[in-house]
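> Here is my input; please provide its structure:
(one chain, ligands or ions: 1)
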Amino acid sequence: MQPITHRYRRNRTNEAMRRLVRETTLSTGDLIYPMFVVEGLGVKREISTMPGNYHLSIDMLLRECEMLAGLGIPAVNLFGYCEDKDEKGTGAYDDQGLIQRAVRALRQEIPELYLQTDIALDPYTTTGHDGLVVGDEIVNDETVDVLCRMAVSHAAAGVHMVSPSDMMDGRIGAIRKALDAEGFEKVSIMSYAAKYASSFYGPFRGALDSAPRSGDKKTYQMDPANVREAVKEVLLDIEEGADVVMVKPALAYLDVIHEVRRHIQVPLAAYHVSGEYGMILAAAEKGWVDKERAMLEATLAIKRAGADMVLTYFAPELARYLADHPM
Ligand code: PBG
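Have a look, this model is predicted:
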């Protein structure tokens with residue numbers, strides 16, 4: 001046998017050495033936890049399509065968020081379950097709406113927690129679309145006006161960051177302008193800049209009863225085949241004023257995260273979405289993968305691809321794990 005001159009295994013000798021040579025790490029500070037708020041009192045109901053996640057009334061949301069802040073999770077991203085959906089999604093910008101009340105309560109009770117709210121109409125419209133529907137079209141500019149009202153009402157309630165997930169054209173610039181005009185220049189925007197028309201949103205739509213009643217979202221969400229287009233979308237949103245941009249989903253789009261990262265200087269988020277979460281859970285339930293290891297590997301991969309922060313339903317579990325096993 002030839003003498004072996006390179007022995008890379010020396011750098012993998014034990015966990016201590018592996019930590020020293022680790023190129024990417026995961027910390028609780030990277031995590032954003034998406035949460036689902038419902039009307040009522042004392043409600044904490046596991047979401048059937050997303051085991052381990054809950055529908056929470058505002059009082060229970062406060063308790064849960066106290067726990068999350070205690071774990072060191074920096075931010076939550078709130079989605080509201082709207083009970084009176086209508087064609088125009090008017091619940092979205094009701095100053096006494098569920099999300100607006102939740103934000104006020106959280107700002108008051110847990111000031112250290114960074115609050116993000118989702119901006120899009122799909123939980124509020126009977127059509128299940130992110131925008132207003134006229135005939136069989138999801139109309140752009142009229143929707144943007146409503147999204148601006150929604151963002152301003154969340155800002156008035158005290159949210160730190162609004163997070164438009166709708167993929168209408170021009171909404172980041174319009175929302176920035178609307179916020180500034182109302183004196184909310186300190187409120188940040190995280191844009192779902194490259195959001196794909198994905199099959200992996202199913203469990204989330206189950207959680208909010210927000211699946212489109214007809215048609216699909218392919219005229220506004222991106223074609224999974226495209227990556228150059230993602231770069232264009234992201235650069236435009238930054239130009240329009242996004243403070244943070246997002247790629248979504250994450251695990252099936254690691255190449256998109258990587259490519260986008262090379263083109264931008266602003267922070268990049270990635271959303272490990274409900275269907276991606278569900279795949280790990282379901283496989284673990286069958287005994288086919290180890291849930292904890294799969295969760296860690298998937299989240300680390302999203303960071304390795306280039307994300308600075310990860311929206312993930314594993315956030316509480318990851319935080320608990322990382323408290324005992326810092327990377
Ligand atoms: C819609 C929205 C969706 C998600 C976040 N915001 C679903 C959709 O576009 O239909 C999905 C999140 C997930 O699947 O975890 N505005």
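> gap between the residue of the stretch 1-150 of the chain found nearest the ligand and residue 150?
Closest residue of the stretch 1-150 of the chain to the ligand, CB to the nearest ligand atom: residue 120 (3.4 Å). In short, each C-beta sits where N, CA and C put it, glycine included. From residue 120 over to residue 150 the distance is 8 Å, taken as CB to CB, to the nearest Å.
> Neighbour count: those two, which is higher?
When residue 120 and residue 150 are compared for neighbours, residue 150 comes out ahead with 29 against 26, by other CB atoms under 10 Å.
> how much space between the more buried one and residue 176?
Distance, residue 150 to residue 176, using CB to CB: 14 Å.
> Tell me which residues touch residue 142, please.
Residues counted as contacts of residue 142 (CB atoms under 8 Å, 6 or more residues apart in numbering) are 131, 132, 134.
> Point me to the helix or strand that includes the residue lying closest to the last one once chain neighbours are set aside.
Using CB to CB, 6 or more residues apart in numbering and skipping the chain neighbours, the partner closest in space to residue 134 is residue 142 (7.7 Å). Under the criterion DSSP states H and E, the helix or strand holding residue 142 is helix 140-157.
> mind listing the helices in the stretch 101-250 of the chain by residue range?
Applying DSSP state H, counting those that start in this stretch to the stretch 101-250 of the chain gives helices spanning 140-157, 171-181, 202-208, 228-240.
> Compute the number of surrounding residues for residue 220.
In terms of burial, residue 220 registers 18 neighbours under the definition other CB under 10 Å.
> Return the residues in contact with the closest residue to it other than its chain neighbours.
If the residues on either side of it in the chain are set aside, residue 220 comes closest to residue 167, at 4.3 Å by CB to CB, 6+ apart. The neighbours of residue 167, taking CB under 8 Å, 6+ apart as the test, are 130, 192, 195, 217, 220, 221, 222.
> Intersect the residues you listed with the contacts of the ligand.
Contacts with the ligand are made by 130, 217 out of those, judged by CB under 6 Å from any ligand atom.
> In contact with residue 174: list those residues for me.
Contacts were defined as CB under 8 Å, 6+ apart; by that measure residue 174 touches 144, 145, 147, 148.
> again but with residue 169, I slipped
Applying CB under 8 Å, 6+ apart, one finds that residue 169 lies in contact with 140, 144.
> how about the residues of this protein near the ligand?
For the chain, the residues in contact with the ligand under the definition CB under 6 Å from any ligand atom are 118, 120, 122, 130, 165, 166, 201, 204, 205, 217, 273, 274.
> swap the cut-off to 8 Å and go again
Taking CB under 8 Å from any ligand atom as the measure of proximity, the chain contacts the ligand at 34, 79, 118, 120-123, 128, 130, 165-166, 192, 195, 198, 200-205, 210-212, 217, 221, 248-249, 271-277, 311, 313.
> Just the residues you listed: which are in strands?
Secondary structure defined by DSSP state E assigns 34, 79, 118, 192, 195, 248, 271, 272, 311 of the residues of the chain next to the ligand to strands.
> Let's see if you can find the most crowded of these.
Neighbour counts for those were taken using other CB under 10 Å; the highest belongs to residue 271, with 29 neighbours.
> If I look at that residue, what pLDDT would I see?
pLDDT, residue 271: 98.
> Residue 162 now?
According to the per-residue confidence, residue 162 scores 98 in pLDDT.
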